[in-house]
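# Okay, here's the prediction I keep looking at, along with the sequence it came from:
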Amino acid sequence: MNSRRLLLLTIAVVAVGVFALPGTVSLFSGQHAWYNISSQTYNQIPCKKCHADVYEEMMSMEPLSKKFAGESSSPHSYMDENCDLCHRTCFKMTYNSSTGKYEPSSGYTYARGYGSGSEPGVEAHAVSTIECMDCHGISTDSGGGKWNHMGYEEYDQRCYLCHGGLGYYRGTYITIPSRYYYNFISAGGFGLGTTDDDDPSINPRAGKHAAHKAFVLDSINNTELEGSNEACIACHTSIPVKIRWTHGRSLEFNATYDKGLVLPPTHFNTSKYEANGTVNVTSYGNYSGGANTTEFPEPVTVWG
(Lines give C-alpha, C1' and ligand atoms only; values in the text may rest on other atoms or scores of the structure.)
Protein backbone atom coordinates (compact mmCIF):
# COMPACT_ATOMS: atom_id res chain seq x y z
CA MET A 1 0.00 0.00 0.00
CA ASN A 2 2.83 2.37 0.90
CA SER A 3 4.52 1.67 -2.42
CA ARG A 4 1.32 2.66 -4.25
CA ARG A 5 1.11 5.93 -2.35
CA LEU A 6 4.76 6.64 -3.10
CA LEU A 7 4.17 5.98 -6.80
CA LEU A 8 1.13 8.30 -6.85
CA LEU A 9 3.10 10.99 -5.02
CA THR A 10 5.94 10.70 -7.53
CA ILE A 11 3.52 11.04 -10.44
CA ALA A 12 1.94 14.12 -8.81
CA VAL A 13 5.33 15.78 -8.28
CA VAL A 14 6.33 15.13 -11.90
CA ALA A 15 2.99 16.51 -13.13
CA VAL A 16 3.42 19.69 -11.10
CA GLY A 17 6.97 20.02 -12.36
CA VAL A 18 5.87 19.84 -15.99
CA PHE A 19 3.77 22.98 -15.52
CA ALA A 20 5.89 24.81 -12.94
CA LEU A 21 9.39 24.41 -14.39
CA PRO A 22 8.80 26.40 -17.62
CA GLY A 23 7.74 29.37 -15.50
CA THR A 24 10.83 28.97 -13.35
CA VAL A 25 13.42 28.77 -16.14
CA SER A 26 11.94 31.82 -17.88
CA LEU A 27 13.37 34.05 -15.15
CA PHE A 28 16.80 35.26 -16.35
CA SER A 29 19.48 37.02 -14.41
CA GLY A 30 19.63 40.59 -15.68
CA GLN A 31 16.13 40.79 -17.10
CA HIS A 32 15.18 43.48 -14.59
CA ALA A 33 18.05 45.83 -15.48
CA TRP A 34 16.84 47.99 -18.36
CA TYR A 35 18.94 49.87 -20.90
CA ASN A 36 18.73 53.65 -20.84
CA ILE A 37 16.76 54.99 -23.81
CA SER A 38 16.56 58.57 -22.49
CA SER A 39 20.27 59.28 -22.29
CA GLN A 40 21.92 62.51 -23.39
CA THR A 41 24.30 60.22 -25.30
CA TYR A 42 21.48 58.62 -27.29
CA ASN A 43 19.72 55.31 -27.01
CA GLN A 44 22.01 52.87 -25.19
CA ILE A 45 20.45 49.62 -26.39
CA PRO A 46 23.42 47.63 -27.84
CA CYS A 47 22.24 46.53 -31.29
CA LYS A 48 25.25 44.24 -31.72
CA LYS A 49 24.10 42.04 -28.81
CA CYS A 50 21.59 40.45 -31.19
CA HIS A 51 23.22 41.40 -34.50
CA ALA A 52 26.78 40.17 -33.99
CA ASP A 53 27.00 39.03 -37.62
CA VAL A 54 26.17 42.51 -38.90
CA TYR A 55 28.63 44.05 -36.43
CA GLU A 56 31.43 41.78 -37.64
CA GLU A 57 30.69 42.67 -41.26
CA MET A 58 30.87 46.36 -40.39
CA MET A 59 34.15 45.87 -38.53
CA SER A 60 35.65 43.97 -41.47
CA MET A 61 35.39 47.02 -43.74
CA GLU A 62 38.38 48.94 -42.37
CA PRO A 63 40.79 48.57 -39.42
CA LEU A 64 40.04 50.63 -36.32
CA SER A 65 43.41 52.37 -36.63
CA LYS A 66 42.33 53.84 -39.96
CA LYS A 67 39.01 55.03 -38.56
CA PHE A 68 40.63 56.59 -35.49
CA ALA A 69 42.99 58.42 -37.85
CA GLY A 70 39.98 59.87 -39.71
CA GLU A 71 40.97 58.08 -42.91
CA SER A 72 37.74 56.18 -43.50
CA SER A 73 36.72 55.75 -47.11
CA SER A 74 33.01 56.29 -46.39
CA PRO A 75 30.58 57.26 -43.63
CA HIS A 76 29.38 53.64 -43.50
CA SER A 77 32.51 52.49 -41.67
CA TYR A 78 31.64 54.62 -38.63
CA MET A 79 28.15 53.13 -38.36
CA ASP A 80 29.36 50.05 -36.44
CA GLU A 81 28.53 51.99 -33.25
CA ASN A 82 25.86 54.22 -34.78
CA CYS A 83 23.24 51.91 -36.30
CA ASP A 84 20.47 54.42 -35.62
CA LEU A 85 21.86 56.96 -38.08
CA CYS A 86 20.59 54.70 -40.87
CA HIS A 87 17.88 52.58 -39.30
CA ARG A 88 16.19 55.43 -37.41
CA THR A 89 16.67 57.99 -40.18
CA CYS A 90 14.31 60.90 -40.73
CA PHE A 91 14.88 60.72 -44.48
CA LYS A 92 12.32 58.96 -46.68
CA MET A 93 12.53 59.04 -50.46
CA THR A 94 9.91 57.42 -52.69
CA TYR A 95 10.19 56.69 -56.40
CA ASN A 96 7.40 58.40 -58.38
CA SER A 97 6.77 56.38 -61.53
CA SER A 98 4.82 59.29 -63.05
CA THR A 99 7.76 61.69 -62.90
CA GLY A 100 10.48 59.03 -63.06
CA LYS A 101 12.21 60.61 -60.06
CA TYR A 102 12.79 60.03 -56.37
CA GLU A 103 10.82 62.55 -54.33
CA PRO A 104 10.66 63.37 -50.60
CA SER A 105 7.83 61.83 -48.62
CA SER A 106 6.93 61.98 -44.95
CA GLY A 107 9.56 60.41 -42.71
CA TYR A 108 9.08 57.71 -40.10
CA THR A 109 8.06 58.20 -36.47
CA TYR A 110 9.99 55.89 -34.15
CA ALA A 111 9.35 55.14 -30.49
CA ARG A 112 11.71 57.23 -28.34
CA GLY A 113 12.22 58.29 -24.75
CA TYR A 114 14.39 61.37 -25.16
CA GLY A 115 14.09 64.18 -22.65
CA SER A 116 11.33 64.35 -20.06
CA GLY A 117 8.62 62.78 -22.20
CA SER A 118 8.28 59.94 -24.65
CA GLU A 119 6.85 59.23 -28.08
CA PRO A 120 5.29 55.98 -29.30
CA GLY A 121 6.29 54.69 -32.71
CA VAL A 122 4.00 54.89 -35.72
CA GLU A 123 5.53 53.34 -38.86
CA ALA A 124 8.18 51.54 -36.77
CA HIS A 125 9.03 50.90 -33.12
CA ALA A 126 12.79 50.59 -32.71
CA VAL A 127 14.14 50.62 -36.26
CA SER A 128 12.94 50.39 -39.85
CA THR A 129 13.95 48.50 -42.96
CA ILE A 130 15.29 51.31 -45.10
CA GLU A 131 15.85 51.90 -48.78
CA CYS A 132 19.41 52.90 -49.71
CA MET A 133 17.92 55.79 -51.66
CA ASP A 134 16.36 57.21 -48.49
CA CYS A 135 19.75 58.83 -47.97
CA HIS A 136 21.40 58.42 -51.37
CA GLY A 137 18.40 59.76 -53.25
CA ILE A 138 18.06 63.08 -51.45
CA SER A 139 18.55 66.14 -53.63
CA THR A 140 18.85 68.50 -50.65
CA ASP A 141 19.28 68.11 -46.91
CA SER A 142 16.11 70.08 -46.27
CA GLY A 143 14.05 67.54 -48.20
CA GLY A 144 11.68 70.13 -49.57
CA GLY A 145 10.43 70.89 -46.06
CA LYS A 146 9.62 67.22 -45.34
CA TRP A 147 12.35 66.68 -42.74
CA ASN A 148 13.92 68.77 -40.02
CA HIS A 149 17.30 67.21 -40.70
CA MET A 150 19.44 69.65 -38.73
CA GLY A 151 17.20 69.46 -35.65
CA TYR A 152 16.54 65.72 -35.76
CA GLU A 153 17.35 64.28 -32.33
CA GLU A 154 19.03 61.16 -33.71
CA TYR A 155 21.52 63.30 -35.64
CA ASP A 156 22.08 66.06 -33.06
CA GLN A 157 25.82 66.76 -32.59
CA ARG A 158 26.77 63.84 -34.85
CA CYS A 159 26.99 65.68 -38.18
CA TYR A 160 30.72 64.87 -38.41
CA LEU A 161 30.08 61.13 -38.80
CA CYS A 162 28.57 61.71 -42.25
CA HIS A 163 29.80 65.14 -43.28
CA GLY A 164 33.23 65.17 -41.62
CA GLY A 165 34.54 67.34 -38.80
CA LEU A 166 35.48 66.89 -35.14
CA GLY A 167 33.78 64.51 -32.73
CA TYR A 168 33.90 61.34 -30.69
CA TYR A 169 34.09 57.79 -32.02
CA ARG A 170 34.40 54.94 -29.50
CA GLY A 171 35.39 57.43 -26.80
CA THR A 172 38.22 58.91 -28.87
CA TYR A 173 38.15 62.47 -30.22
CA ILE A 174 38.85 62.23 -33.94
CA THR A 175 38.96 64.42 -37.02
CA ILE A 176 37.19 63.24 -40.17
CA PRO A 177 38.01 65.09 -43.41
CA SER A 178 35.14 67.22 -44.68
CA ARG A 179 32.80 65.59 -47.18
CA TYR A 180 30.97 68.87 -47.70
CA TYR A 181 27.22 69.19 -47.45
CA TYR A 182 25.65 69.42 -50.90
CA ASN A 183 24.99 66.27 -52.93
CA PHE A 184 27.89 64.50 -51.24
CA ILE A 185 26.17 61.09 -51.20
CA SER A 186 23.58 61.51 -53.94
CA ALA A 187 23.48 58.54 -56.34
CA GLY A 188 23.39 60.58 -59.54
CA GLY A 189 23.74 59.35 -63.10
CA PHE A 190 20.47 57.44 -63.45
CA GLY A 191 18.28 60.42 -64.27
CA LEU A 192 16.26 59.87 -61.09
CA GLY A 193 16.44 63.46 -59.91
CA THR A 194 18.92 62.99 -57.06
CA THR A 195 20.70 66.23 -58.06
CA ASP A 196 19.94 69.10 -60.42
CA ASP A 197 22.35 67.56 -62.95
CA ASP A 198 20.56 64.22 -62.51
CA ASP A 199 17.13 65.70 -63.21
CA PRO A 200 16.05 65.12 -66.85
CA SER A 201 13.68 68.10 -66.67
CA ILE A 202 16.73 70.31 -66.02
CA ASN A 203 19.48 68.37 -67.77
CA PRO A 204 18.42 66.36 -70.88
CA ARG A 205 21.63 64.28 -70.65
CA ALA A 206 20.78 62.94 -67.17
CA GLY A 207 21.00 59.14 -67.08
CA LYS A 208 21.13 58.79 -70.87
CA HIS A 209 24.09 56.41 -70.81
CA ALA A 210 23.41 54.56 -67.53
CA ALA A 211 23.92 50.88 -68.37
CA HIS A 212 22.36 49.80 -65.08
CA LYS A 213 19.26 51.99 -65.13
CA ALA A 214 16.97 49.10 -66.10
CA PHE A 215 18.52 47.10 -63.23
CA VAL A 216 17.57 49.87 -60.80
CA LEU A 217 14.04 50.30 -62.16
CA ASP A 218 13.40 46.54 -62.18
CA SER A 219 14.61 46.37 -58.57
CA ILE A 220 12.15 49.11 -57.62
CA ASN A 221 9.33 47.03 -59.13
CA ASN A 222 10.45 43.92 -57.25
CA THR A 223 9.08 43.53 -53.72
CA GLU A 224 11.80 41.29 -52.25
CA LEU A 225 13.64 44.26 -50.71
CA GLU A 226 12.88 47.92 -50.15
CA GLY A 227 12.89 50.08 -53.30
CA SER A 228 15.97 49.61 -55.47
CA ASN A 229 17.95 47.81 -52.76
CA GLU A 230 18.43 44.65 -54.85
CA ALA A 231 20.54 46.61 -57.34
CA CYS A 232 22.35 48.66 -54.69
CA ILE A 233 23.28 45.63 -52.60
CA ALA A 234 24.30 43.44 -55.55
CA CYS A 235 26.85 45.99 -56.77
CA HIS A 236 27.97 47.86 -53.67
CA THR A 237 28.25 45.14 -51.01
CA SER A 238 30.17 41.90 -50.64
CA ILE A 239 27.11 39.66 -50.96
CA PRO A 240 27.72 36.79 -53.45
CA VAL A 241 25.72 37.09 -56.67
CA LYS A 242 24.48 34.49 -59.14
CA ILE A 243 23.09 35.79 -62.45
CA ARG A 244 21.34 33.76 -65.14
CA TRP A 245 22.15 35.69 -68.31
CA THR A 246 20.30 35.36 -71.61
CA HIS A 247 22.57 36.78 -74.33
CA GLY A 248 21.97 37.27 -78.02
CA ARG A 249 23.65 34.41 -79.89
CA SER A 250 24.79 36.26 -82.97
CA LEU A 251 24.95 39.72 -84.51
CA GLU A 252 23.49 39.66 -88.01
CA PHE A 253 23.41 42.38 -90.67
CA ASN A 254 23.49 42.95 -94.44
CA ALA A 255 26.60 44.13 -96.29
CA THR A 256 25.75 45.54 -99.76
CA TYR A 257 28.38 46.34 -102.41
CA ASP A 258 28.32 49.95 -103.62
CA LYS A 259 30.92 50.75 -106.28
CA GLY A 260 30.21 54.46 -105.89
CA LEU A 261 31.14 54.48 -102.20
CA VAL A 262 34.29 56.56 -101.75
CA LEU A 263 34.90 55.92 -98.05
CA PRO A 264 38.22 53.98 -97.85
CA PRO A 265 38.96 51.16 -97.63
CA THR A 266 35.58 49.53 -98.34
CA HIS A 267 32.83 49.56 -100.94
CA PHE A 268 30.11 48.06 -98.72
CA ASN A 269 27.16 49.63 -96.97
CA THR A 270 25.85 47.78 -93.90
CA SER A 271 22.24 47.70 -92.71
CA LYS A 272 19.53 45.75 -90.88
CA TYR A 273 21.48 45.00 -87.71
CA GLU A 274 19.84 42.51 -85.39
CA ALA A 275 20.63 40.01 -82.68
CA ASN A 276 19.47 36.48 -83.44
CA GLY A 277 19.02 33.49 -81.17
CA THR A 278 19.93 33.25 -77.49
CA VAL A 279 22.70 31.81 -75.35
CA ASN A 280 22.11 31.10 -71.65
CA VAL A 281 25.08 31.70 -69.34
CA THR A 282 25.17 31.59 -65.54
CA SER A 283 27.78 33.67 -63.75
CA TYR A 284 28.81 33.24 -60.12
CA GLY A 285 30.55 35.96 -58.13
CA ASN A 286 31.84 35.62 -54.58
CA TYR A 287 32.23 38.30 -51.91
CA SER A 288 35.81 39.23 -52.88
CA GLY A 289 35.05 39.71 -56.58
CA GLY A 290 36.15 36.29 -57.79
CA ALA A 291 33.93 34.97 -60.57
CA ASN A 292 33.41 32.13 -63.04
CA THR A 293 30.61 30.43 -64.98
CA THR A 294 30.55 27.01 -63.29
CA GLU A 295 30.16 27.54 -59.53
CA PHE A 296 30.84 30.03 -56.75
CA PRO A 297 34.58 30.57 -56.25
CA GLU A 298 35.74 29.93 -52.69
CA PRO A 299 35.31 31.50 -50.24
CA VAL A 300 31.75 32.33 -51.24
CA THR A 301 30.95 34.80 -48.46
CA VAL A 302 32.71 36.91 -45.88
CA TRP A 303 32.00 34.04 -43.47
CA GLY A 304 34.09 31.63 -45.55
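Here it is on my side, so go on.
# what secondary structure does Tyr284 sit in?
The three-state label given to Tyr284 by DSSP: H, G, I helix; E, B strand; the rest coil is strand.
# Nearest residue to it in space, please, no chain neighbours.
Excluding the flanking residues, the one nearest Tyr284 by C-beta to C-beta, 6 or more residues apart in numbering is Phe296, at 4.5 Å. Every residue, glycine included, has its C-beta placed from N, CA and C.
# how much space between that neighbour and Lys242?
7 Å (C-beta to C-beta, to the nearest Å).
# more crowded one of these two?
Shown here are Phe296 and Lys242; by other C-beta atoms under 10 Å, Phe296 has more neighbours (17 against 10).
# Quick check: neighbours shared by Phe296 and Lys242?
Shared contacts of Phe296 and Lys242, defined by C-beta atoms under 8 Å, 6 or more residues apart in numbering, comprise 284-285.
# Tell me how many other residues surround Ala120.
Wrong residue type there; residue 120 is Pro, not Ala. 9.
# Dihedrals phi and psi, it?
phi -70, psi 150 (degrees, to the nearest 10).
# who touches it in this structure?
When contacts are counted by C-beta under 8 Å, 6+ apart, Pro120 touches Ala111.
# if you set the cut-off to 10 Å instead, what comes out?
Neighbouring residues of Pro120 by C-beta atoms under 10 Å, 6 or more residues apart in numbering: 109-112.
# List just the nearest of the residues you listed to Thr301.
The shortest approach to Thr301 among those belongs to Tyr110, at 30.9 Å (C-beta to C-beta).
# show me where the protein has helices.
For the chain, the helices defined by DSSP state H cover 2-25, 52-59, 64-68, 84-87, 133-136, 159-163, 213-221, 229-236.
# Does anything pack onto the second one? Which helices or strands?
Judged by 3 or more C-beta pairs under 10 Å, 6 or more residues apart in numbering; DSSP states H and E, helix 52-59 is in contact with no other helix or strand.
# Going forward, the N-terminal residue is numbered 22.
Fine by me, first position is 22 from now on; the one you just mentioned is helix 73-80.
# on that earlier part again, now the weakest link among the helices of the chain, please, by mean pLDDT.
Least confidently modelled of the helices of the chain is helix 23-46, at a mean of 63 by mean pLDDT.
# Gly128: neighbouring residues, count only.
Around Gly128 there are 20 residues (other C-beta under 10 Å).
# wait, doesn't it sit right on Asn169?
Yes. The pair Gly128 / Asn169 is scored as a contact, 9.1 Å apart, by C-beta atoms under 10 Å.
# overlap in contacts of the two?
Between them, Gly128 and Asn169 share the contacting residues Cys111, judged by C-beta under 10 Å, 6+ apart.
# could you show me where the strands are in the stretch 72-221 of the chain, in order?
Along the stretch 72-221 of the chain, counting by DSSP state E, counting those that start in this stretch, strands occupy 114-117, 122-125, 186-190, 193-197.
# Other residues contacting the second one?
Contact partners of strand 122-125, identified using C-beta under 10 Å, 6+ apart, comprise 112-117, 152, 154-155, 157-161, 163-168, 207-208, 211-215, 219-222, 227, 241, 248-249.
# hmm, back to that, and the strands of the stretch 72-221 of the chain, which is most packed in?
Each of the strands of the stretch 72-221 of the chain was scored by mean neighbour count; the highest is strand 122-125, a mean of 22, by mean count of other C-beta atoms under 10 Å.
# Next one: the residue lying closest to Trp324 once chain neighbours are set aside relative to Asp217, how far apart?
Counting by C-beta to C-beta, 6+ apart, Trp324 lies nearest to Asp74, which is 7.9 Å off, once chain neighbours are set aside. From Asp74 over to Asp217 the distance is 40 Å, taken as C-beta to C-beta.
# ok, these two, which is more surrounded?
The neighbour comparison of Asp74 against Asp217 (other C-beta under 10 Å) goes to Asp217, with 15 against 11.
# who's in contact with the closest residue in space to the more buried one that isn't next to it in sequence?
In space, and not counting its chain neighbours, Asp217 is closest to Ile223: 5.3 Å by C-beta to C-beta, 6+ apart. Contacts for Ile223 (C-beta under 10 Å, 6+ apart) come out as 214, 216-217.
# Can you tell me which of these lies closest to Val237?
Nearest member of the contacts of Ile223 to Val237, counting by C-beta to C-beta, is Gly214, at 12.7 Å.
# Need the pLDDT of the closest one.
92.
# Looks like it contacts Thr115 (just checking).
No. Counting by C-beta under 10 Å, Gly214 stays clear of Thr115, with 11.7 Å between them.
# what's the overlap in contacts for these two?
Both Gly214 and Thr115 are in contact with 122-124, 158, where contact means C-beta under 10 Å, 6+ apart.
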